[in-house]
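# Sequence and computational prediction follow.
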Amino acid sequence: MAYTDFIAAIDLGSSQLTGVVGVKNSSGSIRVIAYEVEPSGSFIRRGCVFNIEETAAKIKSLLSRMERKLEGGRIAKVYVGIGGQSLHTQEYAVVKELASDSRITDEVVDLLFEECHIYKPAQLDVLYTVAPTYYLDGRLEVNPVGVPCKRIEARFNLVVGRPSVRKHIETSIVEKAQKKIAGLLISPLALADAVLLDHEKDLGCALIDMGAGVTTLSVYKSGKLQSMAVIPLGGALITKDLMTLPLVEAEAERIKIIYGNAIVDKEDTSVVTVNAVDGVGRDVRLAEINHIVEARAKEILENIFMQLEAMGGVDRLGAGIVLTGGASYLRNVAELIHRRLKREVRYATVRKEVLENPLQLPVDNLTAVGLLLQDTENCAVVPEKKPQAAPVPTPGLFGSEEIEEVAPPVKKPEPVKEEKDTGKKGKGLFKGLGKKLESFGGNLFGEEDM
């Protein structure tokens with residue numbers, strides 16, 4: 001039976017395009033029913049659509065492959081994650097002076113939100129508005145409604161990005177791939193909803209997503225996003241550095257995954273065999289490989305550490321660091337962060353209550369799961385209901401209430417032919433009676449029924 005009620009989402013990663021379809025159960029958990037990936041290095045750069053035509057073609061191919069797993073179901077629209085180099089948070093404060101000792105009402109709070117929504121930062125789109133922090137007469141107040149004060153300040157945290165980010169996504173999917181967009185979602189926020197626990201958001205934590213093209217840092221405190229920054233450095237740079245050995249890109253990627261180490265062991269004298277650009281295998285010292293890997297890994301992490309300091313330092317991170325993304329699985333990356341920040345580091349996993357079948361997805365594609373959690377619309381093509389034919393009436397118990405009986409046509413009586421007198425005449429009473437019966441029978445039955 002075809003699926004007619006599901007959620008479909010696409011994550012535009014710098015190394016791969018990820019598509020996932022899931023069904024939400026009554027408990028709120030999601031059962032994944034289709035999952036596909038497509039290499040995206042040639043058309044998505046640093047988390048943003050670079051080649052619109054190729055992006056559209058790959059999305060159409062991705063959706064087609066997923067539809068084959070939907071038992072005849074079809075995808076009408078998709079949720080799409082927004083990420084990339086230009087994303088960051090920007091603070092915006094709205095202040096309102098009140099009459100002496102006036103109590104804050106819902107109407108006052110609504111006015112603060114309306115003024116925030118009017119605000120348009122120069123050359124940027126506001127993609128998401130985090131719930132504000134309120135200050136009443138300079139004092140922090142979680143719930144201001146009903147509290148008397150003279151001055152209220154709402155400090156909003158806006159997630160902003162270049163207008164081209166949204167425009168290129170809409171052009172690729174809506175115009176070129178001819179598929180509706182159910183919603184544009186902030187990928188780092190969706191990822192956080194999928195992997196961070198409530199107490200981690202409350203105590204304070206940093207979520208670091210190390211992708212191929214960019215590394216995204218999101219800091220949470222008091223239950224909500226405090227700051228976000230995207231660093232235009234990722235695991236693809238380590239691969240390019242290894243190509244100087246010289247190696248072709250595919251071989252450099254293989255060497256990075258198998259042998260790469262963010263902390264070089266200078267005493268290691270072992271060698272590995274690599275396929276050089278000329279196609280001839282040769283031996284390279286493992287220490288030489290990891291000198292290259294360590295240098296670039298430290299550069300990426302130092303940029304993260306600088307951003308953390310600009311966001312208020314690591315003292316607020318009571319729950320430590322949560323690490324995810326393909327490049328984060330480079331050996332000893334977590335250890336390097338722990339040594340530098342002196343904070344607990346754990347790798348992200350999908351929260352237990354989120355997925356019904358968590359083993360169906362690889363660990364480096366958790367953002368796509370987060371996108372499924374943000375759904376509000378059915379993404380399936382809902383079959384049109386065929387008009388039902390009028391019910392054929394059937395006779396009731398006695399045959400007269402449900403169906404109107406039509407009397408059969410009455411044949412006109414044929415004229416009775418007078419018989420010639422044969423000389424055999426009836427006598428008395430039976431003489432006339434015989435003729436009347438003959439006439440009556442002909443009228444009633446007709447000649448064919450006799």
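All right, it came through fine. Please read all numbers here as calculations on a predicted model, not as lab measurements.

# just the strands in the stretch 1-150 of the chain please.
In chain order, the stretch 1-150 of the chain shows strands spanning 7-12, 16-24, 30-39, 44-45, 48-49, 77-82, 88-103, 125-136, 139-141, 148-161, with DSSP state E, counting those that start in this stretch as the criterion.

# of all these, which lies closest to Ile337?
Closest to Ile337 of those, according to CB to CB: strand 88-103, at 21.2 Å. The way it works is simple: take the backbone N, C-alpha and C, and place the C-beta from them, glycine included.

# other SSEs contacting that closest one?
Contacts defined by 3 or more CB pairs under 8 Å, 6 or more residues apart in numbering; DSSP states H and E place strand 88-103 against helix 106-118, strand 148-161, strand 224-231.

# right, so those: which one is the most enclosed?
Highest mean neighbour count of those: strand 224-231, a mean of 21 (counted as mean count of other CB atoms under 10 Å).

# what about that one, distance to the chain center?
Chain-centre distance of strand 224-231: 21 Å, with CA atoms, centre = their mean, to the nearest Å.

# chain center to the helix or strand following it: distance?
For strand 224-231, the following helix or strand on the C-terminal side (DSSP states H and E) is helix 235-242. Put simply, helix 235-242 sits 30 Å off its chain's centre (CA atoms, centre = their mean).

# Kindly report the same for stretch 204-219.
With CA atoms, centre = their mean, you get 20 Å for stretch 204-219.

# now that stretch: mean pLDDT?
For stretch 204-219, mean pLDDT is 96.

# Span of it from start to end?
End-to-end distance for stretch 204-219: 7 Å, by CA to CA, to the nearest Å.

# tell me which residues in it are buried?
Neighbour-count burial for stretch 204-219 flags 204-219 (criterion: 16 or more other CB atoms under 10 Å).

# wait, Val78 sits on Ala177?
No: applying CB atoms under 8 Å as the test, Val78 and Ala177 come out as separate, 9.4 Å apart.

# shared neighbours, those two?
Residues touching both Val78 and Ala177 (CB atoms under 8 Å, 6 or more residues apart in numbering): Leu63.

# neighbour count winner among the two?
Val78 (25 against 20; other CB atoms under 10 Å).

# Who are the contact partners of that one?
If a contact means CB under 8 Å, 6+ apart, then Val78 has 8-10, 19, 63, 173, 179-182, 379 as its contacts.

# Could you find the two of the residues you listed that are most distant from each other?
Spanning the widest gap among the contacts of Val78 are Gly19 and Lys180, at 15.0 Å by CB to CB.

# more neighbours, these two?
Using other CB under 10 Å as the criterion, Gly19 and Lys180 rank with Gly19 on top: 23 against 13.

# Please tell me I have it right and that one contacts Leu12.
No: in this structure Gly19 lies outside contact range of Leu12 using CB under 8 Å: 10.4 Å.

# The strands of the stretch 1-150 of the chain: which one's closest to Glu309?
Nearest of the strands of the stretch 1-150 of the chain (CB to CB): strand 88-103, 15.7 Å.

# What residues of the closest one count as buried?
Of the residues in strand 88-103, 88-89, 92, 94, 98 count as buried by neighbour count, 16+ other CB under 10 Å.

# residue ranges with poor pLDDT in the stretch 1-150 of the chain?
1 (pLDDT under 70).

# Cross the buried residues of stretch 204-219 against strands and list the overlap.
205-210, 215-219 (DSSP state E).

# Show me which of the residues you listed is closest to Ile337.
When those are compared for distance to Ile337 (CB to CB), Ile208 wins out at 7.7 Å.

# Which of the contacts of Val78 sits closest to Ile44?
The closest of the contacts of Val78 to Ile44 turns out to be Ile10 (CB to CB; 11.2 Å).

# How about that closest one: which residues does it bridge to?
On the basis of DSSP bridges, Ile10 is bridged to Gly19, Val80.

# Tell me the one of the buried residues of strand 88-103 nearest Ile255?
His88 (33.5 Å).

# quick one, what contacts Leu341?
By CB under 8 Å, 6+ apart, Leu341 lies in contact with 305, 308, 314, 317, 321.

# give me the number of residues near the last one?
The local packing count at Ile321 equals 22, with neighbours defined by other CB under 10 Å.

# Pull the contacting residues for the residue nearest to it when sequence neighbours are not counted.
Among residues not flanking Ile321 along the chain, Val345 sits closest, at 4.5 Å (CB to CB, 6 or more residues apart in numbering). Taking CB under 8 Å, 6+ apart, we find Val345 in contact with 320-323, 334, 337-338.

# most surrounded residue in these?
Using other CB under 10 Å as the neighbour test, those are led by Val322, with 26 neighbours.

# Over to that one. Which of the three states is it?
Under DSSP: H, G, I helix; E, B strand; the rest coil, Val322 falls in the strand class.

# what about it, distance to Ser61?
Separation of Val322 from Ser61 (CB to CB, to the nearest Å): 33 Å.

# Just the closest of the buried residues of stretch 204-219 to Asn261, please.
For the buried residues of stretch 204-219, the nearest to Asn261 is Met210 (15.3 Å; CB to CB).

# I'd say the closest one and Gly325 touch.
Yes: if you go by CB under 8 Å, Met210 and Gly325 touch, sitting 3.9 Å apart.

# what do those two both touch?
Joint contacts of Met210 and Gly325 (CB under 8 Å, 6+ apart) are 234-235.

# which residues touch Lys298?
Contacts of Lys298 by CB under 8 Å, 6+ apart are 262, 336.

# And Gln226, by the same measure?
Counted by CB under 8 Å, 6+ apart, Gln226 has contacts 89, 157, 219-220, 311-312, 316.

# and what of Ile263?
Here Ile263 is in contact with 290, 294, 331-332, 335-336 (criterion: CB under 8 Å, 6+ apart).

# among those, who's most crowded?
Most surrounded of the contacts of Ile263: other CB under 10 Å gives Asn290, at 23 neighbours.

# Just give the closest residue to that residue, not the sequence neighbours.
Val264 (4.1 Å).

# quick revisit: any chance of the ones in strands among the buried residues of stretch 204-219 in TSV, plus distance to Ser164?
Converted to TSV, these look like this (distance: CB to CB, whole Å):
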residue	distance to Ser164
Cys205	31
Ala206	28
Leu207	26
Ile208	26
Asp209	22
Met210	24
Thr215	21
Thr216	18
Leu217	22
Ser218	22
Val219	26
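
# from those, which single one is nearest Lys167?
Closest approach to Lys167 among these (CB to CB): Thr216, at 20.9 Å.

# bridging residues for the closest residue to Leu63 other than its chain neighbours?
The shortest distance from Leu63 to any non-neighbouring residue, by CB to CB, 6+ apart, is to Ile75 (5.4 Å). Ile75 has the following beta-bridge partners by DSSP bridges: Ala380.

# show me the contacts for Ile75.
Shown in contact with Ile75 (CB under 8 Å, 6+ apart): 8, 21, 63, 66-67, 179, 379-381.
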